[in-house]
Structures are given as structure tokens and as C-alpha cells.
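>>> Sequence plus predicted model, see below.
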Number of protein chains: 4
Amino acid sequence: MALRVAVAGASGYAGGEVLRLLLGHPEVRIGAVTGNSNAGQRLGAVQPHLVPLAERVLEDTTPEVLAGHDVVFLALPHGQSAAVAERLGDGTLIVDCGADFRLRSAADWEKFYGSAHAGTWPYGLPELPGGREALRGARRIAVPGCYPTAVSLALYPAYAAGLAEPEAVVVAASGTSGAGKAPKPHLLGSEVMGSMSPYGVGGVHRHTPEMAQNLSAVAGHPVTVSFTPTLAPMPRGILATCSAKATPGVTAQTLRAAYEKALRDEPFVRLLPEGQWPSTAAVHGSNSALLQVAHDETADRIIAISAIDNLTKGTAGGAVQSMNIALGLPEELGLSTIGVAP
Amino acid sequence: MALRVAVAGASGYAGGEVLRLLLGHPEVRIGAVTGNSNAGQRLGAVQPHLVPLAERVLEDTTPEVLAGHDVVFLALPHGQSAAVAERLGDGTLIVDCGADFRLRSAADWEKFYGSAHAGTWPYGLPELPGGREALRGARRIAVPGCYPTAVSLALYPAYAAGLAEPEAVVVAASGTSGAGKAPKPHLLGSEVMGSMSPYGVGGVHRHTPEMAQNLSAVAGHPVTVSFTPTLAPMPRGILATCSAKATPGVTAQTLRAAYEKALRDEPFVRLLPEGQWPSTAAVHGSNSALLQVAHDETADRIIAISAIDNLTKGTAGGAVQSMNIALGLPEELGLSTIGVAP
Amino acid sequence: MALRVAVAGASGYAGGEVLRLLLGHPEVRIGAVTGNSNAGQRLGAVQPHLVPLAERVLEDTTPEVLAGHDVVFLALPHGQSAAVAERLGDGTLIVDCGADFRLRSAADWEKFYGSAHAGTWPYGLPELPGGREALRGARRIAVPGCYPTAVSLALYPAYAAGLAEPEAVVVAASGTSGAGKAPKPHLLGSEVMGSMSPYGVGGVHRHTPEMAQNLSAVAGHPVTVSFTPTLAPMPRGILATCSAKATPGVTAQTLRAAYEKALRDEPFVRLLPEGQWPSTAAVHGSNSALLQVAHDETADRIIAISAIDNLTKGTAGGAVQSMNIALGLPEELGLSTIGVAP
Amino acid sequence: MALRVAVAGASGYAGGEVLRLLLGHPEVRIGAVTGNSNAGQRLGAVQPHLVPLAERVLEDTTPEVLAGHDVVFLALPHGQSAAVAERLGDGTLIVDCGADFRLRSAADWEKFYGSAHAGTWPYGLPELPGGREALRGARRIAVPGCYPTAVSLALYPAYAAGLAEPEAVVVAASGTSGAGKAPKPHLLGSEVMGSMSPYGVGGVHRHTPEMAQNLSAVAGHPVTVSFTPTLAPMPRGILATCSAKATPGVTAQTLRAAYEKALRDEPFVRLLPEGQWPSTAAVHGSNSALLQVAHDETADRIIAISAIDNLTKGTAGGAVQSMNIALGLPEELGLSTIGVAP
């Protein structure tokens, strides 16, 4: 009894990664794959790594094409998901890799996206407290942003245990696939190889309110995040260096104990042994998040660092994991914790 | 009824890739994993991407530790396989990722390796004419070198069809993992990033006689290969640009027809549509070989280009594929044609 | 007595490199810098590495703007140089980094560029026999293509000495800046990092007839070149692996002697000591070409390998070197043989 | 009247960069170049980019060899400089690229380096308030660490103007050359390409007290720095993302005004125009530091980001700049603000 699954936006990086994972999912049969400007092209021409789908032809992204599937993954520019969802009806599980339904606060949405808020869907980060419950049986899923996934996983155990003061500082490095496949001069290989550069500095990156939303919910009080994203010379991966002032009495031992307790049963989040630090290479192509935490005694700050693959755990893997939960399938189905390294 | 499989040399790149693939093989249970200088360490400390095996401890590479397995993969420095194999006996399928048993010619072995020839085992490149027959039921397998895999796949259809003159010229670019994990100054990231450099120039690279052996067998007459390997700034992948003078009467059409015919039923070798050229990114972590071929009319040469992942199809994937054939399992079990891209 | 120099096409990679070198040239004062779509922008916005010119504003590329300079460098798309040159008159030295005036054969031009041949200018590769003489006092210079520079330097000593048969085989790897700054999907960092790929395979790359022209002139008889360019994951650099069947009687000794003799007095071409091979890292940002040569005895082929920086010796450095000669300045003025490594 | 200059540790990355810059310095003649394990080798074998010095032979690092020079640059492992300095006497200007004499606090030295404190030399960061005065006429110079250079330049204008609270948070990404040329497994190209990873987390990196020392001196009160270094997949460059809570009343305008005022006359530090952010590519091989600053209103934090080349402004360039000041030469002699990009 295979699920029939469509992917809208299959010519981009997020859509391609959804397809890569679905090809290895034992309960899935891939139905329509759609693009926009690429409609009519063979998938092999734009996603040559997806060899088994090379002869598939990209269709237009229309409700007609997407109808008749059990699950539809949307990997579209923001602002387009609501219209598609309306037409598909509740019989279809819609997993939106875009931003439209992530934020609870309409004011935040309007401030950061400059358009009307479309609403809020169940949030696809199962590891957050209550996260799995919110997804079971859901017919709509808002997949988190890649940075919020990395940051929320790194810091939620500290906030859940009351070990971190409410002002977090995050500097994260992302591979260039996070910036998408639309060609822009600053994303050329000639520009990014050998170069690190920041962007969206000063609290203006759209993932900022999503991080604050997640951590505030865990903490039970408002948490602000000062977030600086940087572009790193690698195609995939996020390394998020997250810190916050420690609450009184925190020690390396209480900190580690809190993380061990919070993460003990998580299938995709691994607290590394003491002294070992995560690298993005180790999670390349996998749905793992690798974590380590330290207490900077001089500055009295908690430093939590996570490494994820922005396209896998940060997008398509998180999406499939959430789909599994929503449909009552084993959470790990079709997903791997094993990175492709070196 | 799972096979119990050991991996000797599990702390290196080849051994790590064997383990990565075996973890996804449905008929395999991983037994002993051994190292040398790393014995006693957790595998997670040296192969952090192999999350499910992180708590495994590397054992010494001894016959005692390797005994009692159905299959033993050897990823050892050359010269060590014969002694291990002798002690294990014929009850164990031994898959040697090293060079010791690849060459048929003792003279070639002695010239290129400077030691006594250990012998010749069935050769793990199933795609060559007669390749699968030689592997069925084998208890010993010599896995081809990574460059010979890429080059033989690119050129054998031309030689099998009599379209190429017997002097081949090959220039191949390899990712740095092909040079192994032993730290050497010229392999430092600082040295290789942003740099292309040749090595083993002038016919002295040890993979040269292996290429000539394969192509000569296909052609039915001696073929020489002028081979220049280059080190490319990427961790994985081989792009092999292979050419030879065309025999009289060759056209683009006859050339393509020969390749289509030769590769039609190959599960892991894909001739790309006309006009599309392979890239190593598209086969990252996959067992695919992507091929394209052209006829340079002015120079009257056949140009055949292949892209493989040196660690997967070029080593560990080819090894697992050959194991499957030897044991009568479906050839594609545990292997993927899907790359991790971008 | 400084020369007043203009650069047309200053927002691209070639133009930017010309400016980088001119800023260090003691006899040059930089006049107009022009762009097209970028006209009106500060240069600092598009070439942030050229700090001393950050506040300069890009002007339109018109004859009026370019008039009144002693030297004008053109870094324009092909097909535009003739019109500009006509308007500037013979009082101005025009150094064309584009292709328009490189080829002597109108038939070759028409076959490879598909338009009418504009003519032939003195060719800016001083190292070729007679090269300097052709440039002295010239008012027009056609700067060679980056690949032809690398390949001609690698092979001309062999052809000049009659050591190579007339069919050359070249495989070259280029950094991505060779493909320019116009954003295209396949040039995105996400696509090129970790990937090698060929393009223009089968004798169709436009630099092919230019190589044949140079080597044929040196040899005194027609030489064909089977040329395969590949894109490497680095921003700069060309590694050209060039080979040809040796003529009868060639040995490693005669080969080396020929190269030593040919290159002895060249300020920018260095034959490395025996056993050392060139890397593109060592010439990063420099005007050096590093060479090594070997005789593959089994295949009886000459293997000559060169490394250059495609933007420096391959474009802007070669242009400045030729300008120096044309104007009677010391050939090395403003140019460095020192790479920026690691 | 050229200065005779020796470089000790010339086979490493810092020593190589010192030589690269000295080769372009009009007042310098290069004397002895020394190594340790590499003594006796041609410099061309270990630093192939330094073409003009290729035939120089590395000598032993002894007082005898280093004697008789006007200036000696030391690029040695820490702990070795004091002994060399004692033997050379006050007639020689010694510029130490190592850590031995950077810290004023013996307690900090002992805590972070675990050995006895050798002393404190004039500190080679001219841009700090009073920095130039301290260097004029100096016979001993302690070149700052690469990270402290990047961080101090980014934050000192804020602390000097009283705009930042005393707890700074720094996350910096460095190219791999910062980790040196001694081959270690985690520095292999195979490991670092495509990967970001942290190290020295939790306040234990040895550059931490140096940053605190510099910023505290500027602020006039103790400043703590929570510092997390990360290794980035590039050979060179540091991007330092530095932040601190703003003091009451700070606005984007007051912040920018303070930076403009502080940096107005600095030849090597450039505050970018509003809206433009630094990249390490733009300073590749140059002595420039590019800066930008923002006020995150929601978090009320100052975000200051600097990009430098860790080997140039971060080591050898800062060293030459300081030498120039010490000797009364023009500060910019032999140094460039122009990066090699792309």
C-alpha cells in the first residue's frame, strides 16, 4: 500500500532533496513532479543526480496536476502555498517546505515578510516539547526553516531546563544551497569559493522570529535571538554557534546532564561524547543533527553548537520525518542518520 | 538470515565507505571492525558520520578477530592481504579493496609495486565482458582501482566494438580521498583547496597496467594507456577524460550506437542523453557511473568521459556489487544510483 | 610621465584583473573605467577587492569615454572590439582581451564563432618564437585566450625542437572565473564546489583553432589539437595536461634539454626541477607559468604540463606584459612571478 | 640602503607569507631563510609560489645564521623566541610572529600556555589607540594573533566610544592556513572541504585573553570575550562576527559615526559603505581589514564584522606594517590594500 506523493518545485534544491529522500522511502510512490520555468524539461536535465527519475518530465505546478495524491510536498517561493493548499482539500497531506505557515504571530510575519499572514500550520520540528503530538494526524505541516532547525535543536534543552538567560546570540554558517538555485552574481562559484561573508545582519533575517518563537515556547517566557547568518564555501550544511548567559549556578555538569536527558531518546539528534565537536561533513546528506555543549566559565555563557545538513534535516528530511509522524508511520522510515563523508 | 561481515581497515576512507554501504545493506550484519594504530578507539572518534556505529570499538587486524565471518572486506595497505587471506580459509568470502590481486601479469606487478606478485583473484568489475561470470560463486575478489574503474567503463564499449585504436590517452581528476587518510603535507586542506596538480606523470602510476590489462582483454589485442592523474580540490569523485584515435569509418552515430548497446542493461552505468555531460557532483555517494562520448572530427578521436565516486563505485560500492554477485544476491542490493547533490 | 590607461568592461573578471595589475604598475595612471549594465555603480560595489578604486564610478562603454587615453584595455564580449577600435584611432594602444583579433584564418573564425572575421592583430604571447618582435611598437594587441596560453607554453618547446608528432591531445582544468561573471545555474557555487565536469567536448571549444594556429606556426607544419576543457572547483587557475606522440629517438634527456634551452631566458615561464610538478596554487595571482615535462616510455608520448592563473598570465597579466613590450617598457614592469599561496 | 632581513621558520605558512611580502618591499634585501626539519632543502620545494627564491636553501635556525641582519622575523612554534632574541642583541629589530610576548598578564600566559611567561614586547597592532607610538623606534615587536587582529579591529571603535557593554561575544571563521602546515588528520583536504567545524570552544582558545587585553585597554575597564573559533573550508581568511550589548542610547547613527571617526585615517582598515558587508575573498592576500557594523534593534546589540586575510593583515602583513613604523619607514611600504579576487 504505497502512498502516492507529488513534489511541487522539483527543479530546485529543496524539491530535489525531497525527491532524493522519497526515492528511498519504502512506502512512497512518486507521482507528479512539477516546476515552473522548467516545466516540460526532463528531470534528468536539471537534477542529474536523481538517476532513477531522469526520464520524468516536469509538469506545471497547478492544482490539477497536484490533485489525486496522498501527500503533496511544496517547495515553492513563499506566498504561493496557501492558494495551492486551498484547492487540494483536506484529503491530502500537504507538507510545506516554505515559510508561509511557520509563524504564529501575524505581526512578525508582516514585519519580516511584508505581506498578509496566511495562517499557522502544525510545525514540523518533532524534537521540540510537544512537537510529535502536534504532528500526529495532521493534514498540514509547516516545515521549519533550516537555521531555526539548527538553532532550536542546539538551544532548546538549555531553555527547557532553565539554564539559559533569555537573550541568545547565534552566528551560523550555511552552505550555499540554502540560498537556492536561482542564479545570482554573489552565489557564483567564483565568488563563494574561498570566501566567508555575512548577510542579513542586524536582526533582519526572516528566520529570526521563528527561532525566537520556538525558544520562547520552550522557555515559557520571551527569548530574543540576535542572529547573524554567514555564507560558507560549501554546498551544504549549517554550523550554528549558539550562546546565552548561563542562569545562576550552571556548571558544565548540570549543562551536560540537561542535554543528555533531553536528547536521550531522539533518533536524529546526537549529543557527541565530551570533547568531540560536530562538523557539517559528518551529517552531509543525513537527517542527523550533531550537538555539543560547553560552559565558558570566564564569560559564564552556555555555548551550544549544532551541525545539520540544511537540505536534509534542515528541510527535506525534517519534512519526511514529519510526514511519517503525521501518517502514523515509523518516524525514521526512509531517513538515514549516516552522513556521506569525507 | 543475515550475513556476518567484518571490515579490516575500518578507520580509513575505503573502510569507512564500505561500512557506510553495509549499514544500508538488508542482508548484512556488521561484525568486527578493525584498525591498526587506531585499535582501541571508538569508531565514532574517527568516522563521526557513521552514527549508528559510533560506540563500536576498533579491534586489532588479526586473523583471530576476522575469523568467523561470512564475508571479510579488506581495506589495507598493499602487501598485507595475502597473509590475512591464507589464515581465513575458503569458507570466507574475502573482498580485497587493495591492489594485491588485481594484476594478472607478475612482471607488471613487480615493475610497478616492486615486490613479489601475490597472485590474481577474480576481478570485481562486473560490467566488463565476462565480468559477472567470473564473480559468481567466487570466494576471493580483487576490487579494481578507482581510476581503472572509471577508465575501463568509459572505454570498454569502444574497444569491444573495435572503434578505437590501441593507444589510449587518459587524463583523470580525482578527489583527495583517493590519496587516503594518512596525513601528508601536500594533502592538507590549505594546499589542495583552490589547486589542481598532477602526480605520477609519465606512465608511472600503479593503476596504469591495470587499465591496459582491462582494455587489452576487451579489445583482444594489446592496448597501451598513457595515463596522467591529477588531484582536484574536492573530497570525492573521479572525472576521467579518455580518448583514442578512431578506427576507420567511425562516426558519431556508430559510436553512440556502440555505447548504447553495450550499456543498455547495466544497472549502474548510464550513458547520458546526447549533449549532456557527466559531473562528479551527480554521483557523489552513489554507485553510478555517468558516461558521455563524442567523436572529435577534426582530430578523428573518440572522447569518452566518465564520472564516478572514487570511494563508492570506485571502491566500496564496486566491492559490495561484486559481493552481491559472488553470493547470488541481487546485484543492486544495498546500493544506490542516486547522488547526493548539490 | 605616467600613461593614462582606460579599462572597458571593468566590472567583469578580466577587467577587474586588469585593474588589479594596473594599480601596481609604476608607469600607469588609471583613467576611465567602464561597464555596461553596471554603469553608474561605484566600482567598490562590484569589485570590492580593488579598495583604492572603491569610489570610482563605472561609466558607459562609449568611444567618447574611452578617448584621450594612451592605452585602452578592452574586456568586452566578443564582437564588440572592432567598432571601438575604429573610433579610437592609431594614437591609442588598444589591448583586446577578447577573441576578435586572435585568429589568422577567417575560415576558422567563421566556423567557431559564426560571424564575419574582424581581422588579425599582433598576438600577445611574447614567449612564442618571434613573439616579442611582433609586439614591439604595436598599436593593437590581441591577448591570447587563457587555454591557448597554457597549452602553447607547455608544448611549443617540443614542437620547436621537432620532438612531438603533429597530433596533440590536451585536457585542461580551469577555475570558474574563466567562465565569466554572468550568473548561470551551472556556475553557482552549489553546483561547482565538489564537482569536476567537462564542457565543449569533441573539438568544439573556441580556443581549439587558436592552439592549433600557435603550435602549427612553431612546428612549421600543421598540428591538430584534440582539446577537452573541464571546469574545476576553484575560482582561478588552469592546469593543462598536454601530450603528443614523441618523434623517433626522443628520450627524457633530449626532451628536458629542449625545454631548458627554450625557456632559459623567459622571465615568466619556469621549468621546474626534475621530479617537481606544477600546481595552480603556486601561480595564484601571479604572471608565472610553471612547467614540467616527462617522457612516457611505454606509450612513447611526451607529457607537458603547465599551470597558470587564467586571469593573470592567462589574460590580464599577459595583456600587461604585451603592453610593456609594445611601449618599450621593461617587460616585467608591474607584474609579479610570486603566487599567493596557500 | 636596503635592510638585510632574515626569516626564521620560512618553510611554514607564516614564514612563507613574510617572504612573499618582503619580496615586494623596496627597502628590503632577503638574507637568511631558515627552517628546522626542512633545513638543507631548496625553498622552491616547500614554497613553490615564491619563484624568485626557488633556489635558496633553507638553513638551520641558529643564532649564528640569524646574526648580522638588520631585521629578523621569527615564525617559530611558541616558546622558542626568547632564546633566539637573547642571542641576537638590541642591534637587531626582532619581529616575532609567535605568541610568546603578546600578553601582559603572566597569569593569563601561564593559564593558557602552561609555561613560564617570557615577557611583553611592543604590540604590533598600530590601529589601536596609542598603537603607533608604542612601535616607533621599537627593537622588539610582538605581532598579534590573527583572531585578535580581526576582533580588535572590529570592536575597538565601539569600546573606544563607550558604545558597547563589557561582555563581547565573538564567533570567527578561519581558513585552514591558520592551523599551520604540520600535517594532521583533521586538516586534510578530504576532511575540511565541504565542512565547517568549531574547535577550542568554551573560552579555552589561546587568543581569548589577547582579545580581552586589547579591548579592556581601549575601554578603560575589563572586557570579557566569549570566543568561538571555527574552521572554514578555505585556505585563507578570517571572518569575525563580534557583538556586544549596546550601552544606553546607542543608535545606528551614533554607531556608524563612531566607526567613521575612529577609522577615517587608517590606511588598512576600511569601513564599508552602509549596506555592504565584508567578505574574506575581497582581502585575499591583502593587508586590508574590511569592516561593517550594525545595530540589532530587537536584541539591542552592536554587531561588528571584520574580514582579514589571516596570513597577511593577521600575521605577516601586520608584521611588516609594524616593522615599517618601528624603523620610521612609510607605514604602507611593501603592503597592498588590494585583494586577489575572485
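Thanks, I have it. Numbering: from 1, shown residues only, chains lettered A, B, ... in the order given.

>>> How about the residues of the stretch 101-250 of chain A by chain D?
Residues of the stretch 101-250 of chain A found near chain D (Cβ under 8 Å from any Cβ of the partner chain) are A:167, A:169, A:171, A:173, A:175, A:188, A:190-191, A:193-199, A:201-203, A:208, A:224-226, A:228, A:230, A:232-237, A:239, A:241, A:243, A:245. Heads up, the C-betas are built off the backbone N, CA and C, glycines and all.

>>> For the residue nearest to residue A:76 when sequence neighbours are not counted, the count of nearby residues, please.
Leaving aside its chain neighbours, residue A:76 sits nearest to residue A:9 (4.8 Å; criterion: Cβ to Cβ, 6 or more residues apart in numbering or on different chains). By other Cβ atoms under 10 Å in any protein chain shown, the residues close to residue A:9 number 25.

>>> hey, where'd the helices end up in the stretch 1-150 of chain A?
Along the stretch 1-150 of chain A, the segments classed as helices by DSSP state H, counting those that start in this stretch run A:13-22, A:43-46, A:63-66, A:81-88, A:106-113, A:131-135, A:146-160.

>>> before we move on, back to that, among the residues of the stretch 101-250 of chain A next to chain D, which ones lie close to chain B?
Residues of those in contact with chain B (Cβ under 8 Å from any Cβ): A:193, A:194, A:235, A:236.

>>> Adding distance to residue B:276, pLDDT and neighbour count as columns, could you present those residues in TSV?
Formatted as TSV, these follow (distance: Cβ to Cβ, whole Å; pLDDT from 0 to 100; neighbours: other Cβ atoms under 10 Å in any protein chain shown):
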residue	distance to residue B:276	pLDDT	neighbour count
A:193	24	98	27
A:194	29	97	28
A:235	20	98	30
A:236	23	98	32
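
>>> The nearest residue to residue A:300 once chain neighbours are set aside and chain D, how far apart?
Excluding its sequence neighbours, the residue lying closest to residue A:300 (Cβ to Cβ, 6+ apart) is residue A:246, at 5.2 Å. Distance of residue A:246 to chain D, given as Cβ to the nearest Cβ, to the nearest Å: 11 Å.

>>> quick one, what contacts residue A:246?
Listed by Cβ atoms under 8 Å, 6 or more residues apart in numbering or on different chains, the contact set of residue A:246 reads A:163, A:164, A:165, A:255, A:295, A:300, A:301, A:302.

>>> Which ones among those residues map onto strands?
Of those, the ones assigned to strands by DSSP state E are A:164, A:165, A:295, A:301, A:302.

>>> Quick one: which of these is the most crowded by neighbours?
Neighbour max across the ones in strands among the contacts of residue A:246 (other Cβ under 10 Å) = residue A:302, 31 neighbours.

>>> Would you agree that one is in contact with residue A:163?
Yes - using Cβ atoms under 8 Å, residue A:302 is in contact with residue A:163, at 6.3 Å.

>>> Mutual contacts of these two, please.
Joint contacts of residue A:302 and residue A:163 (Cβ under 8 Å, 6+ apart) are A:246, A:250, A:255.

>>> Present the residues you listed as CSV; the columns should include pLDDT and distance to residue D:76.
Listed next are those as CSV, based on pLDDT from 0 to 100; distance: Cβ to Cβ, whole Å:
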residue, pLDDT, distance to residue D:76
A:246, 98, 38
A:250, 98, 40
A:255, 98, 38
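
>>> which one of these sits closest to chain B?
Set against chain B, the nearest of those by Cβ to the nearest Cβ is residue A:255 (20.9 Å).

>>> what's the neighbour count on that closest one?
22.

>>> The lowest-mean-pLDDT helix or strand in chain A packs against which elements?
The least trusted helix or strand in chain A, going by mean pLDDT, DSSP states H and E, turns out to be helix A:81-88, with a mean of 90. On a contact count with 3 or more Cβ pairs under 8 Å, 6 or more residues apart in numbering or on different chains; DSSP states H and E, helix A:81-88 meets helix A:63-66, strand A:71-74, strand A:93-96.

>>> Residue B:134: which of the helices of the stretch 1-150 of chain A is closest?
Among the helices of the stretch 1-150 of chain A, the nearest to residue B:134 by Cβ to Cβ is helix A:43-46 (32.2 Å).

>>> Ignoring the adjacent residues along the chain, who's closest to residue A:312?
Spatial nearest neighbour of residue A:312, excluding adjacent residues (Cβ to Cβ, 6+ apart): residue A:287 at 5.2 Å.

>>> so which helix or strand takes in the one you found?
Assigned by DSSP states H and E, residue A:287 falls within no helix or strand.

>>> That one reaches residue A:317, doesn't it?
Yes - using Cβ under 8 Å, residue A:287 is in contact with residue A:317, at 3.7 Å.

>>> what residues are shared contacts of these two?
Common contact partners of residue A:287 and residue A:317 (Cβ under 8 Å, 6+ apart): A:268, A:309, A:335.

>>> just to revisit the earlier point, output the helices and strands packed on helix A:81-88 as TSV; include the columns distance to residue D:133, mean neighbour count and mean pLDDT.
Converted to TSV, the helices and strands packed on helix A:81-88 look like this (distance: least, Cβ to Cβ, whole Å; neighbours: other Cβ atoms under 10 Å in any protein chain shown; pLDDT from 0 to 100):
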stretch	distance to residue D:133	mean neighbour count	mean pLDDT
helix A:63-66	71	16	94
strand A:71-74	63	27	98
strand A:93-96	61	26	98
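
>>> For chain B, find the nearest of the ones you listed.
strand A:71-74 (16.9 Å).

>>> Point out the other helices and strands that that closest one packs with.
Strand A:71-74 packs on strand A:3-8, helix A:13-22, helix A:81-88, strand A:93-96, helix A:317-327, going by 3+ Cβ pairs under 8 Å, 6+ apart.
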